[in-house]
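Quick one, fold the following:
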Amino acid sequence: MPFGRRGDRPRQNPLQLPGVASDAHWWAATRARHEDTGLWPLLLHGLSQREPDRPWLTGELSPGRAGGSPSDHDPEALLRQWWAAVVPEPEEDEEDLLEIVAPFLNGWPGRADAGVPQRDPDELAGVEAGSLAVADGMHGLRPGLVPAARGADVPTVLGWRGPTNHEGDITKVSTVLRDWEDRFGARLIGLGFDTMYLSVAAPPVDPDHALRVAAEHLAFAPDNITQGTGSLAEYAALLAGTTQWSFWWD
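As a prediction, the model looks like this:
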């Protein structure tokens, strides 16, 4: 059933597929023209080798579904709420809690401090996008263009539904992405059916800072840790100094 009220006309898919090959230089060259075109470049991959067009060409985007804007929300409040929804109470399952969230056993630790920029965010984004473009396992990888003022807003403009099982309001995801743009020099470079790729120009570099950022990642995309490394400590060790973040939602 289409989203919206009866009689509403379906929103046109804002995604543009330029029909060019994805290579190591396309993203950077297209990003350099963003101020003139208003189109944010994105590397897209499909659900699987058998279904490379999902969700981009299969009616699974919901542009216009979100009723609000990323500016309607507070990133600190969102991360705190998501943390509370993900992390079990100690009396419910103390062993699992200790394994996953140590050393933050007293609740949400708050947002991490901003990182120190290692290089220009857009320059780094071009490098990381180039690496992503030639990476193995990217099903049906293709360039896409989205009319958006900034990369953080692209999921909202598209009505992308990747995190639906964790958060149904995509504007809230864009809120946190905006905050990460400001604090960590993050840039959205790629999306899949339920995956997201960011370049990060100001990543955490010391263990304590990486742990605080890892706590944000647990709140934002818990499957990275609960179905991945299994603990914040192990995840943080992988996160320190990393200039590309990837997320997935089950």
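
lowest-pLDDT helix or strand in this structure?
Least confident helix or strand, the chain: helix 90-101 with a mean of 66, by mean pLDDT, DSSP states H and E.

Just give the number of residues close to Q244.
Q244 is flanked by 19 other residues according to other C-beta atoms under 10 Å. Backbone N, C-alpha and C define where each C-beta goes, glycine included.

doesn't E60 make contact with G159?
No - taking contacts as C-beta atoms under 8 Å, G159 lies outside contact range of E60: 9.2 Å.

residues contacting D250?
Taking C-beta atoms under 8 Å, 6 or more residues apart in numbering as the criterion, D250 is in contact with N165, D194, D223, Q227.

Which of the residues you listed has the largest number of neighbours?
Using other C-beta under 10 Å as the neighbour criterion, D194 leads these with 20 neighbours.

how about it, what does it touch?
The neighbours of D194, taking C-beta under 8 Å, 6+ apart as the test, are G162, P163, W248, W249, D250.

could you dump the residues you listed to CSV with distance to R80 and pLDDT?
Compiled in CSV, the contacts of D194 are given as follows (distance: C-beta to C-beta, whole Å; pLDDT from 0 to 100):
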residue, distance to R80, pLDDT
G162, 22, 95
P163, 17, 96
W248, 22, 96
W249, 19, 96
D250, 22, 89
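
Report the central residue of this structure.
Nearest to the mean C-alpha position of the chain, by C-alpha atoms, centre = their mean, lies M196 at 4.3 Å.

beta partners of that residue?
L191, F247 (DSSP bridges).

Could you measure from the nearest residue to E128 once chain neighbours are set aside over to T164?
Distances taken as C-beta to C-beta, 6 or more residues apart in numbering put S199 closest to E128, at 3.8 Å, once the chain neighbours are dropped. Distance from S199 to T164, counting by C-beta to C-beta, to the nearest Å: 25 Å.
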